[in-house]
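Visitor: the following comprises the amino acid sequence and a computationally predicted model.
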Amino acid sequence: MARESVDVLIVGAGAAGAALAWSLAETRMRIVCLEQGGWMDPSRYPTTRPDWEIQSFGEFGLSPNGRGRREDYPVNDEDSPIKISNFNAVGGGTILYAAHFPRLHPSDFRVHSLDGVGDDWPLDYDTLAPYYDQNAEMMGVAGLAGDPAYPPKRPTLPPVPLGRLGETLAKGFDALGWHWWPSDSAIATREHAGRAPCINLGPCITGCAQGAKGSTDVTYWPAAVRAGVELRTHCRVREVTLGANGLVDGAIYIDAEGREQRQRAEIVVIACNGVGTPRLLLNSASRQFPDGLANRSGLVGRNLMFHPYAMVTGYFPERLEGYKGPMGCSLICQEFYETDRSRGFVRGYSFEMLRGMGPVSTALQAWSGGRLPWGPTHHEAYEALWDRSAGMVAICEDLPEEHNRVTLDPRLEDADGIPAPKIHYQLSENSQSMLDHAVARGKQVLEAAGAKETLAVAPLPPAGWHLMGTARMGTDPQRSVVNEWGRSHDVKNLFIVDGSVFVTSGGVNPTNTIQALALYVADRIKRNLATLFD
Amino acid sequence: MSEVADPLSAVLDTLIPPSTDGRLPGAGELGLAAALRERTAELGALIDQGLAAADAAAAERGADRFAALPAEQRVSVLREVESRQPAFLPSLLFELYAAYYRDPRVLTGLGLEARPPHPQGYALEPGDLGALERVRARGRLYREV
């Protein structure tokens, strides 16, 4: 069934699609967004239930392969030491993210000029800065002004509380003279834009029942829908279609009732994340684009970057109240962010502190690590662990390498029979050196904070939640998929606005930058409407 | 069959006995046996096989069933079963820990309120940010471009 043509068709209602939809809404263009998931019901999130901890092993797990939700598509990540974590719903990955909201550094946009690796971005920090500011207002960013690791920026809300755990860890950083700062977090620490303030529930990564976390189902989407954007849920796009004039003319999708539908559009924007976007482009091959839509460069799906994570956990003699407070957000350390070649690698990483765990997670993690015996010594062992652990992760910059890529799996399909993605990824020598450095420094700071014992895991297998680089931006059509404002080099009415367009990964969580880029692209579309396809 | 009479309860009490200070109950006291048996058909079958093996090992020690053994012998019998039937205890322990550590009596014993986090949430101190003056004093840390 063909529907009336619209001006803009957005595929994907996650972090980027939401921001772009909201920004474009003021043009009064007819905008439709197709999302394969549905609206989430925060009153049914795990923290409202006594079995809240165990839910993270099932329906609210990180891996799309283990959740058993029809909205998800499977991902073959057997050939990668880092596994894909995502979510498909209105809000996308922001439903489950920890809401860390750091910006990239100015140097991140110039890695080739500064360090001779990767490529420079076709834009710079100052270009994105106003869009970071705009995004902070819309998402509600808690933090503290004055961080010397960044050019001046002003968060919109007071910082997330450190609590006893954060204070304990801060003492470790102080003892070593290292940088630390309260994390920028997309968490409403006081009432903001109709959102209730954070009440320190703990596990932000199974959805925020309070609505304090800035997931786009409670930030951009209500505003975008009020402004006239039509959001169609449970609609899975199979293919973006090409018209006779060499421009895309819409998409074919499967609707909530399982019927094939066709939506025509003047402009198509893909916002399906660093795996979903190349999957859709590769699934949209045609006679004109036999290797995938907008893929004359051959780079669609290539240069996949994660952030290899090192997780270091310390066990302290005193209780830390670590089960209270936003689990991922207390403080950040960027002592090792900028390049120092004496460390044995280029580029760098951030440390982000984690809170502790609840009683069930404490038991299951300790047991799976062989640290919790059953029998007469069980309680003594548990007592030494319960509420006495504090963790931290190092988010290591991953450099682009063409052999790390997303392809279509020859056999795997989603519930609608659409070919699923396959991940090919190897950890680079530079990333491994960075992980080794981070583990050593992580242990050092936890011990300085008073930890009696430390454990490390690197790379952290489930940490494939930052998906970048697979449709990179640039000014050279031979070396990039989209131009400096997200428009395909090959198809002039096709845009991409998610982590796919990242040229390099930086060493911080990407959501803030993904959204700032989406707002920037939307602004360029608005400014250039008259000459958009030239 | 009542929970008290379920032979699985004796196994649960051996895996997680009451704490010596009396704060935490033994797992067998919590009435978890029926729910664990019904968790999945696979686990139910493993429990049946494990209990049969435990009773057989008890018989070798002169008891008519596992639950009739004194506490110290129950531990050694379960160790024996653990090595003979390697799938039994891991499957049971995962579900047992998930059930035990969310039981209201256990949460209270750990010093927690027996409730999910929402809607009450938790109060949390903002923490001392005074030490940041030292960090500020270092000046610009980001790289000029």
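Guide: Structure's in. What do you need?
Visitor: contacts and neighbour counts: CA atoms only from here.
Guide: Noted.
Visitor: residue B:104 contacts residue B:114, correct?
Guide: Yes. The criterion here is C-alpha atoms under 8 Å, and residue B:104 meets it with residue B:114 at 4.8 Å.
Visitor: find the nearest non-adjacent residue to the residue in chain B positioned nearest to chain A, please.
Guide: Residue nearest to chain A within chain B: residue B:126 (4.0 Å; C-alpha to the nearest C-alpha). Of all residues not flanking residue B:126 in the chain, residue A:161 sits nearest, at 4.0 Å (C-alpha to C-alpha, 6 or more residues apart in numbering or on different chains).
Visitor: for the residue of chain B closest to chain A, helix, strand, or coil?
Guide: coil (DSSP: H, G, I helix; E, B strand; the rest coil).
Visitor: verify the stated contact: it with residue A:160.
Guide: Yes. Using C-alpha under 8 Å, residue B:126 makes contact with residue A:160 at a distance of 7.3 Å.
Visitor: give me phi/psi at residue A:174?
Guide: Main-chain torsions, residue A:174, degrees, to the nearest 10: phi -60, psi -40.
Visitor: contact partners for it?
Guide: Applying C-alpha atoms under 8 Å, 6 or more residues apart in numbering or on different chains, one finds that residue A:174 lies in contact with residue B:131.
Visitor: now for the closest residue to residue B:38 other than its chain neighbours: which residues touch it?
Guide: Among residues not flanking residue B:38 along the chain, residue B:44 sits closest, at 6.2 Å (C-alpha to C-alpha, 6+ apart). Contacts for residue B:44 (C-alpha under 8 Å, 6+ apart) come out as B:36-38.
Visitor: which of those residues has the most neighbours?
Guide: Using other C-alpha atoms under 10 Å in any protein chain shown as the neighbour criterion, residue B:37 leads the contacts of residue B:44 with 19 neighbours.
Visitor: can you check the pLDDT for the residue nearest to residue A:448 when sequence neighbours are not counted?
Guide: The shortest distance from residue A:448 to any non-neighbouring residue, by C-alpha to C-alpha, 6+ apart, is to residue A:172 (4.6 Å). You'll see residue A:172 listed with a pLDDT of 97.
Visitor: equivalent analysis for residue A:1, please.
Guide: 61.
Visitor: so which residues on chain B come close to chain A?
Guide: Residues of chain B lying near chain A by C-alpha under 8 Å from any C-alpha of the partner chain: B:14-17, B:19, B:75, B:94, B:97-98, B:101-102, B:107, B:115-128, B:131-132, B:135-136, B:138-145.
Visitor: now go through those and say which are in helices.
Guide: Among those, the members found in helices (DSSP state H) are B:14-15, B:75, B:94, B:97-98, B:107, B:132, B:135-136.
Visitor: adding neighbour count, write the residues you listed out as TSV.
Guide: TSV is the format used below for those (neighbours: other C-alpha atoms under 10 Å in any protein chain shown):
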residue	neighbour count
B:14	23
B:15	26
B:75	18
B:94	15
B:97	21
B:98	18
B:107	17
B:132	17
B:135	22
B:136	17
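Visitor: out of those residues, which is nearest to residue A:442?
Guide: Of all these, residue B:135 has the smallest distance to residue A:442: 18.6 Å, by C-alpha to C-alpha.
Visitor: now for the closest residue to residue A:401 other than its chain neighbours: which residues touch it?
Guide: Nearest in space to residue A:401, with sequence neighbours left out and distances taken as C-alpha to C-alpha, 6+ apart, is residue A:303 at 4.8 Å. By C-alpha under 8 Å, 6+ apart, the contact set of residue A:303 is A:400-405, A:468-470.
Visitor: could you redo the last one with a cut-off of 7 Å?
Guide: Taking C-alpha atoms under 7 Å, 6 or more residues apart in numbering or on different chains as the criterion, residue A:303 is in contact with A:400-405, A:469-470.
Visitor: quick one: the residue nearest to residue B:38 is in a helix?
Guide: Yes. Residue B:44 forms part of a helix when assessed by three-state DSSP.
Visitor: can you pull out the low-pLDDT segments for chain B?
Guide: B:1-5 (pLDDT under 70).
Visitor: what number of residues lie near residue 70?
Guide: Picking chain A for this. Residues near residue A:70, counting by other C-alpha under 10 Å, number 15.
Visitor: try chain B instead
Guide: 10.
Visitor: re the thing from before, which of the residues of chain B next to chain A are buried, as a PyMOL select command?
Guide: Here is the PyMOL selection string for the buried members of the residues of chain B next to chain A, based on 16 or more other C-alpha atoms under 10 Å in any protein chain shown:
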select buried, chain B and resi 14+15+16+17+19+75+97+98+101+102+107+115+116+117+118+121+124+127+132+135+136+141+142+143
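Visitor: which ones are touching the residue of chain A found nearest chain B?
Guide: Here chain A gets closest to chain B at one residue, residue A:161, 4.0 Å apart by C-alpha to the nearest C-alpha. By C-alpha under 7 Å, 6+ apart, the contact set of residue A:161 is A:330, B:124-127.
Visitor: hmm, 10 Å instead?
Guide: Taking C-alpha atoms under 10 Å, 6 or more residues apart in numbering or on different chains as the criterion, residue A:161 is in contact with A:142-143, A:167, A:182-183, A:189, A:200, A:325-326, A:329-331, B:123-129.
Visitor: any idea how far it is from residue A:531?
Guide: With the distance defined as C-alpha to C-alpha, to the nearest Å, residue A:161 ends up 48 Å from residue A:531.
Visitor: please apply the same query to residue A:158.
Guide: 42 Å.
Visitor: of these two, who's got more company?
Guide: The neighbour comparison of residue A:158 against residue A:531 (other C-alpha under 10 Å) goes to residue A:158, with 19 against 8.
Visitor: fine by me, we can end here.
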